[in-house]
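>>> Quick one, structure for this:
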Amino acid sequence: MTRRPGFPARLDLTPAVAPAAGRARPVPATRPVVAPQGVGLDSGAVRARMVTRLAAGGLADSRVLAAMGAVDRHRFVDSALANQAYEDTSLPIGLGQTISKPSVVARMAELLLAGTPSGRLGRVLEVGTGCGFQAAVLAHLAKEVYSIERLRGLHDKARENLRPLRLANVHLLFGDGMQGFAKGAPYAGIIAAAGGDAVPDAWIEQLAVGGRIVAPTLMPDGRQALVVLEKGARELRRTILETVLFVPLKSGIA
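A predicted model of the protein is given here:
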């Protein structure tokens, strides 16, 4: 049996370099993450207000609301932008990338969970780790999270952001997200933080029967929309939802 990478794994997919696995910190996967109860941005009340706004905006899944309230978003953005962390806005995280709005992260997580009426998802693949915020949220919603990032600078930033949380069920990978991560397949869900012309075939192949892909995709009219793909035993069901704006999905590493 192939050993799955620990946290954080560094996977360089260039031909001359073999993947290297890190070592998971010795923390049980079932250990809960205890949210700080301090003052200011560390106050649970700040996150609670954000969750209240998400619920008022139509987010109904209690699992997602709890996950959003459990993660300190301000710890994933630059200190100069920390006072905007709980507003419903995307923020720059460097290298031309952004952290998605809380409402978008929550909406995509809710869509991913829609096929799982209760409990947690199994194994999930996140394409586009960014600063690591969405991976931290997914850690509360899935038994295992593989998150792949093509930009080394962001991969390293996410590793530093996530390290204090000691999330033993999160595995960080450095590589080409368009290729997915076959060694971790099949996945109960795949979620993308970047939008391409179409959902890559590799993702569909690595998705388990009964699983879902939630990804922004370019429409024929030039707009970008959220698309949900549900994989059945004999067919692939495609649902086009609301218009969104994500950074472009790119291949390769940098």
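
>>> what about residue 231, how many residues close to it?
Using other C-beta atoms under 10 Å, residue 231 has 20 other residues around it. Heads up, the C-betas are built off the backbone N, CA and C, glycines and all.

>>> so it touches residue 203, yeah?
No: with contact taken as C-beta atoms under 8 Å, residue 231 and residue 203 are classed as non-touching, separated by 10.0 Å.

>>> shared neighbours, these two?
residue 213 (C-beta atoms under 8 Å, 6 or more residues apart in numbering).

>>> Run a quick neighbour tally on residue 245.
Using other C-beta under 10 Å, residue 245 has 13 other residues around it.

>>> do residue 191 as well
Every residue meeting other C-beta under 10 Å relative to residue 191 is counted, giving 25.

>>> Let me know the pLDDT of it.
What the model reports for residue 191 is a pLDDT of 98.

>>> One more: residue 12?
pLDDT, read off for residue 12, is 43.

>>> OK, contacts around residue 234?
Residue 234 neighbours (C-beta under 8 Å, 6+ apart): none.

>>> How about the secondary structure of it?
Of the three states, residue 234 takes coil under DSSP: H, G, I helix; E, B strand; the rest coil.

>>> would you list every one of the helices in the stretch 1-150 of the chain?
Under the criterion DSSP state H, counting those that start in this stretch, the stretch 1-150 of the chain contains helices at 44-56, 62-70, 102-113, 133-139.

>>> Throw those into CSV and include distance to residue 193, mean neighbour count and mean pLDDT, thanks.
Formatted as CSV, the helices of the stretch 1-150 of the chain follow (distance: least, C-beta to C-beta, whole Å; neighbours: other C-beta atoms under 10 Å; pLDDT from 0 to 100):
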stretch, distance to residue 193, mean neighbour count, mean pLDDT
helix 44-56, 18, 16, 96
helix 62-70, 16, 19, 98
helix 102-113, 9, 23, 98
helix 133-139, 6, 27, 98
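
>>> in the stretch 101-250 of the chain, which ranges drop under the pLDDT threshold?
Residue ranges of the stretch 101-250 of the chain with pLDDT under 70: none are present.

>>> And the strands in it?
121-127, 142-149, 170-174, 187-192, 207-218, 224-231, 236-243 (DSSP state E, counting those that start in this stretch).

>>> Output those strands as JSON lines; include the columns distance to residue 78.
Shown next, in JSON lines, are these (distance: least, C-beta to C-beta, whole Å):
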{"stretch": "strand 121-127", "distance to residue 78": "22"}
{"stretch": "strand 142-149", "distance to residue 78": "18"}
{"stretch": "strand 170-174", "distance to residue 78": "20"}
{"stretch": "strand 187-192", "distance to residue 78": "24"}
{"stretch": "strand 207-218", "distance to residue 78": "24"}
{"stretch": "strand 224-231", "distance to residue 78": "26"}
{"stretch": "strand 236-243", "distance to residue 78": "28"}
